[in-house]
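Engineer: I'll drop the sequence and a predicted model, then ask my questions.
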Amino acid sequence: MIALNPPEAPDAPYRLNAKFTDRDNNIVCQVVDNEIIVRNDPWDIEIVGPTLAIRRAPGDIALSLTSLPGQGFRIDRIDTV
């Protein structure tokens, strides 16, 4: 589920809220008012430049997000049902 809430103040950014689940319906990552919250039990969490990748095992990407400053973010890959 993805929701966009209005800014808290004039000229502030919109507030993104999202919940990403994997194929087993476990929460992989949440975005709460533009803050990314990642669980501490994935096999690997990697941030390279603007891209966040969450893996369950080697080569098993549950979620990949790329931040696009001033625009939002892009879901590069998600493994969900």
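Structural biologist: Arrived safely, thanks for sending.
Engineer: For Asp24, give me its contacts.
Structural biologist: Residues near Asp24 by Cβ atoms under 8 Å, 6 or more residues apart in numbering: none. For every residue, glycine as well, the C-beta is placed using N, CA and C.
Engineer: any idea whether it is helix, strand or coil?
Structural biologist: coil (DSSP: H, G, I helix; E, B strand; the rest coil).
Engineer: low pLDDT regions in the protein?
Structural biologist: Applying pLDDT under 70 to the chain picks out residues 81.
Engineer: where along it do the strands fall?
Structural biologist: Residue ranges of the strands in the chain, as given by DSSP state E, are 2-5, 15-21, 27-32, 35-38, 44-48, 51-57, 60-68, 72-78.
Engineer: The first one - which strands sit beside it in the sheet, and in what orientation?
Structural biologist: Looking at strand 2-5 with DSSP bridges, its paired strands and their directions are strand 15-21 (antiparallel).
Engineer: can I get the strands of the chain in CSV with mean neighbour count?
Structural biologist: Putting these into CSV (neighbours: other Cβ atoms under 10 Å) gives the following:
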stretch, mean neighbour count
strand 2-5, 10
strand 15-21, 17
strand 27-32, 16
strand 35-38, 13
strand 44-48, 12
strand 51-57, 17
strand 60-68, 17
strand 72-78, 14
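Engineer: just checking, Ser67 touches Pro50?
Structural biologist: Yes: the pair Ser67 / Pro50 is scored as a contact, 4.2 Å apart, by Cβ atoms under 8 Å.
Engineer: ok, how many other residues are close to Asp22?
Structural biologist: Neighbour count of Asp22, defined by other Cβ atoms under 10 Å: 19.
Engineer: Distance check, it against Leu4.
Structural biologist: For Asp22, the distance to Leu4 (Cβ to Cβ, to the nearest Å) stands at 23 Å.
Engineer: Please tell me how far the residue located most distally from the centre of the chain sits from Gly49.
Structural biologist: Here the chain reaches farthest from its C-alpha mean at Pro10, the gap being 25.4 Å by Cα atoms, centre = their mean. Distance, Pro10 to Gly49, using Cβ to Cβ: 31 Å.
Engineer: Okay then, goodbye and thanks.
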